[in-house]
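Asks: Using only what follows, build the 3D model:
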Amino acid sequence: MLFSRRKFMQATAALPGFALAVEAAEQEAARPAIGEPGHFDTLARKTPVKSHSVDLDSNYIRMPLAPEDAAYGRLQGEHIKDCVREITAIPRKYHERGERWYGRIAGTACDEETEDLVEARFRKFGCQEVHRQYFDLPPQWFPVSWDVKASGSGKSLALDTIMPAPRSAASRGRTELEPVWVGLGYESDFAGRDVKGKLAVIYSWPMPGSVANSATYNNAMLRAAEQGAAAALVNVAIPGNFRMAMNGNARGIPTFSIGTDDFNSLRQLMEKGPVKVQLELATEERRGLRDASVWGHLPGTSDEDIIVMAHHDSYFEGALDNASGMAVMLALAEHYSKIPKEQRRRTLKFVTTAGHHAGSAGTQWMHDNRATFLAKTALMINCEHVSVTQAYYDRTKPELRKSTNIDARRWFVNGSDKLASIVLNAYKSFGVTIYDVMDPFTTGDMSHCDHDVPAIQLIESAVFYHTDQDTPEIVPAPGLEAVARAYAKIIDQINKLDRRQLI
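Replies: Now for the predicted structure:
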């Protein structure tokens with residue numbers, strides 16, 4: 001006998017759990033599908049569960065030491081990170097005193113204080129020939145003061161994360177401009193938009209951060225200037241509210257970066273009606289500045305040498321860039337200072353190089369004098385941006401999420417297959433994460449002399465790079481430890497080979 005749907009429902013409604021099952025099915029049917037508007041909001045309305053947390057510092061992935069690598073156990077990550085903290089404390093002190101454009105800027109007292117720290121460490125470790133090699137810097141751009149405010153629809157915004165782009169042109173006093181949205185700043189984005197005499201507002205995608213970003217790659221700022229904009233404002237869309245020393249400027253007009261939260265507030269104000277932006281930027285060119293490379297040597301038993309270097313200037317606290325590299329370089333100096341000279345085949349020359357953001361005078365000098373200074377160099381190691389926590393863009397809300405892993409590094413080897421094999425095996429031994437393909441050239445401080453001698457480097461310019469979030473919290477101690485141990489093993493391995501085998 002056939003039942004109608006009504007009779008079937010009446011007959012089954014009394015069954016245990018049936019009503020609950022029907023209710024659950026109806027709720028599931030009403031829930032928006034993945035990707036539809038409201039999906040994540042619906043999930044958020046579920047009954048909350050107890051929240052659990054993880055401590056990143058104690059949970060980063062760390063490779064155990066193999067028995068044959070026990071000697072490298074002396075290179076301890078927390079000890080190296082203590083050095084990162086000391087180096088970053090120097091610019092933080094200047095910022096707390098009121099400096100807005102702060103960091104270990106080449107030619108400043110903050111940078112000189114950093115050189116003092118390095119020199120003191122070299123002397124403490126018993127290095128010889130400790131000295132400073134001074135270089136005159138070309139005229140240096142500095143922002144003196146700046147201010148940007150927006151108003152519209154009866155509301156005013158103080159845009160606290162506004163920062164001038166390095167080498168930006170100054171404004172002509174205080175200027176009031178109409179902002180014009182030009183999206184990503186491609187030619188198609190400018191089409192049909194009149195930016196002449198106005199503020200070009202550009203949205204840029206981090207690739208992966210403030211220096212490598214879409215507006216720089218597609219010449220958005222230059223395009224704004226060419227089309228007559230009076231100024232440019234760029235948001236590199238990193239979740240949060242980062243201040244940054246953004247790469248790229250509009251050449252000839254004032255250019256600013258802005259944090260994402262502030263940028264969203266400005267965008268929402270523009271969507272409501274007419275907006276006026278008042279901006280002002282005063283800059284100056286400082287002449288007669290100098291910067292120094294600081295050297296310390298640990299003599300070996302031959303006339304050949306190995307150079308281990310790390311640049312010391314930075315924007316903001318510069319924990320990744322480049323307190324991380326300096327700390328590893330100093331850790332290696334301390335490590336080898338405890339090994340008798342008779343066991344060191346080659347002299348180890350440690351140096352923190354001058355003027356990285358001001359022309360790289362220190363490494364340019366090495367290149368210019370390569371026929372003599374580098375004639376006996378068996379290997380050059382550049383310690384730069386060596387350890388940073390891996391971060392992800394959250395899919396449910398606009399924020400960065402840090403992980404218990406360490407970002408992979410770009411890597412470079414100039415030398416023989418034998419050298420490359422030693423390097424890659426060392427990275428594998430200590431769990432140093434790297435990209436799948438070697439960079440064909442270096443982009444760091446060694447770029448002036450990376451083809452003059454056998455040379456290696458690891459480097460990663462992560463999302464925190466050149467921002468005020470580049471603090472010790474994003475530099476994992478296990479990453480510092482892994483790189484220091486790998487470099488030490490590489491030094492020991494290549495010291496078993498003749499120089500001709502490395503070229």
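
Asks: who are the neighbours in contact with Glu178?
Replies: Lys198, Leu199, Pro274, Val275, Lys276, Val277 (C-beta atoms under 8 Å, 6 or more residues apart in numbering). Just so you know, the C-beta spots here come from the backbone N, C-alpha and C atoms, and that holds for glycine as well.

Asks: Skipping its backbone neighbours, what lies nearest Val211 in space?
Replies: Asn247 (4.0 Å; C-beta to C-beta, 6 or more residues apart in numbering).

Asks: likewise Ser265?
Replies: In space, Ser265 comes closest to Leu157 once its chain neighbours are excluded; the distance is 5.7 Å by C-beta to C-beta, 6+ apart.

Asks: give the contact list for that neighbour.
Replies: Leu157 makes contacts with Lys149, Ala150, Ser151, Asp262, Ser265, Leu266, Leu269, as judged by C-beta under 8 Å, 6+ apart.

Asks: Give the bridge partners for it, please.
Replies: Beta-bridge partners recorded for Leu157 (DSSP bridges): Ala150.

Asks: now the strands for the stretch 401-503 of the chain?
Replies: Applying DSSP state E, counting those that start in this stretch to the stretch 401-503 of the chain gives strands spanning 410-414, 455-459.

Asks: Next: the stretch 151-300 of the chain.
Replies: Using DSSP E, counting those that start in this stretch, the strands of the stretch 151-300 of the chain run over residues 155-158, 163-164, 175-177, 179-181, 199-204, 231-236, 255-257, 276-286, 290-298.

Asks: Using TSV, lay out those together with distance to Ile491 and mean pLDDT.
Replies: Converted to TSV, the strands of the stretch 151-300 of the chain look like this (distance: least, C-beta to C-beta, whole Å; pLDDT from 0 to 100):
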stretch	distance to Ile491	mean pLDDT
strand 155-158	52	93
strand 163-164	40	97
strand 175-177	56	96
strand 179-181	53	98
strand 199-204	41	97
strand 231-236	38	96
strand 255-257	40	97
strand 276-286	39	97
strand 290-298	11	97
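
Asks: need these in a markdown table with distance to Gly73, can you?
Replies: Formatted as a markdown table, the strands of the stretch 151-300 of the chain follow (distance: least, C-beta to C-beta, whole Å):
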| stretch | distance to Gly73 |
| --- | --- |
| strand 155-158 | 52 |
| strand 163-164 | 42 |
| strand 175-177 | 60 |
| strand 179-181 | 56 |
| strand 199-204 | 44 |
| strand 231-236 | 40 |
| strand 255-257 | 43 |
| strand 276-286 | 46 |
| strand 290-298 | 20 |
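
Asks: Out of these, flag the one nearest Ile434.
Replies: For these, the distance to Ile434 is smallest for strand 231-236, at 25.5 Å, taking C-beta to C-beta.

Asks: Does anything pack onto the closest one? Which helices or strands?
Replies: In terms of contact count using 3 or more C-beta pairs under 8 Å, 6 or more residues apart in numbering; DSSP states H and E, strand 231-236 is assigned the packing partners strand 199-204, helix 220-226, strand 255-257.

Asks: Now do the shortest one: distance to the chain's middle.
Replies: Averaging C-alpha coordinates over strand 255-257 and over its chain gives two centres that are 19 Å apart (C-alpha atoms, centre = their mean, to the nearest Å).

Asks: and it, which strands flank it?
Replies: By DSSP bridges, strand 255-257 pairs with strand 163-164 (antiparallel), strand 231-236 (parallel).

Asks: What does the pLDDT read for Arg5?
Replies: Model confidence at Arg5, given as pLDDT, is 49.

Asks: low pLDDT regions in this protein?
Replies: 1-46 (pLDDT under 70).

Asks: I'd like the contacts of Leu157 as a markdown table, with distance to Val432 and neighbour count appended.
Replies: What follows is these, written out as a markdown table (distance: C-beta to C-beta, whole Å; neighbours: other C-beta atoms under 10 Å):
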| residue | distance to Val432 | neighbour count |
| --- | --- | --- |
| Lys149 | 46 | 16 |
| Ala150 | 45 | 23 |
| Ser151 | 51 | 15 |
| Asp262 | 37 | 21 |
| Ser265 | 41 | 18 |
| Leu266 | 41 | 22 |
| Leu269 | 46 | 20 |
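
Asks: In those residues, find the pair that's most separated.
Replies: Ser151 and Asp262 (14.2 Å).

Asks: which one of the strands paired with strand 255-257 is the most hemmed in?
Replies: Scoring the strands paired with strand 255-257 by mean neighbour count under mean count of other C-beta atoms under 10 Å gives strand 231-236 as the most buried, with a mean of 29.

Asks: contact partners of that one?
Replies: Strand 231-236 has contacts (C-beta under 8 Å, 6+ apart) with 148, 162, 165, 171, 175, 177, 179, 199-206, 209-210, 213, 215, 220-221, 224-225, 242, 244, 246, 248-250, 253-260, 263, 277, 279.

Asks: Okay, the residue nearest to Tyr465 when sequence neighbours are not counted and Ile474: tell me how far apart.
Replies: Among residues not flanking Tyr465 along the chain, Gly209 sits closest, at 4.9 Å (C-beta to C-beta, 6+ apart). Noted for Gly209: a distance of 12 Å to Ile474, by C-beta to C-beta, to the nearest Å.

Asks: Check Pro64 too.
Replies: Counting by C-beta to C-beta, the gap from Pro64 to Ile474 is 25 Å.

Asks: who wins for most neighbours among the contacts of Glu178?
Replies: The most crowded member of those, judged by other C-beta atoms under 10 Å, is Leu199 (28 neighbours).

Asks: who touches that one in this structure?
Replies: Leu177, Glu178, Pro179, Val180, Ala229, Ala230, Ala231, Ala232, Leu233, Val277, Leu279.

Asks: From the contacts of Leu157, pick the one nearest Arg132.
Replies: Asp262 (40.8 Å).

Asks: ok so, going back, ok, the residue nearest to Tyr465 - contacts?
Replies: Gly209 makes contacts with Val236, Ile238, Ser461, Ala462, Val463, Phe464, Tyr465, His466, Thr467, as judged by C-beta under 8 Å, 6+ apart.

Asks: Look up phi and psi at the nearest residue in space to the fourth one that is not next to it in sequence.
Replies: Okay, so that is Ala462. In space, and not counting its chain neighbours, Ala462 is closest to Val388: 4.5 Å by C-beta to C-beta, 6+ apart. Per-residue torsions, Val388: phi -150, psi 140 (degrees, to the nearest 10).

Asks: how close does Val388 get to Thr114?
Replies: For Val388, the distance to Thr114 - C-beta to C-beta - is 20 Å.

Asks: Walk me through the domains of the protein.
Replies: Here the chain is described, according to automatic domain parsing, as comprising the domains 67-137+288-501, 141-286.

Asks: got CSV for these, with distance to Asn59 too?
Replies: Output for these, formatted as CSV (distance: least, C-beta to C-beta, whole Å):
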stretch, distance to Asn59
domain 67-137+288-501, 5
domain 141-286, 22
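
Asks: Nearest to Val54, out of these?
Replies: Of the domains of the chain, nearest to Val54 by C-beta to C-beta is domain 67-137+288-501, at 6.8 Å.

Asks: chain center to that closest one: distance?
Replies: 14 Å.

Asks: So for Ala70, which of the strands paired with strand 255-257 sits nearest?
Replies: So among these, strand 231-236 is nearest, using C-beta to C-beta, at 44.5 Å.
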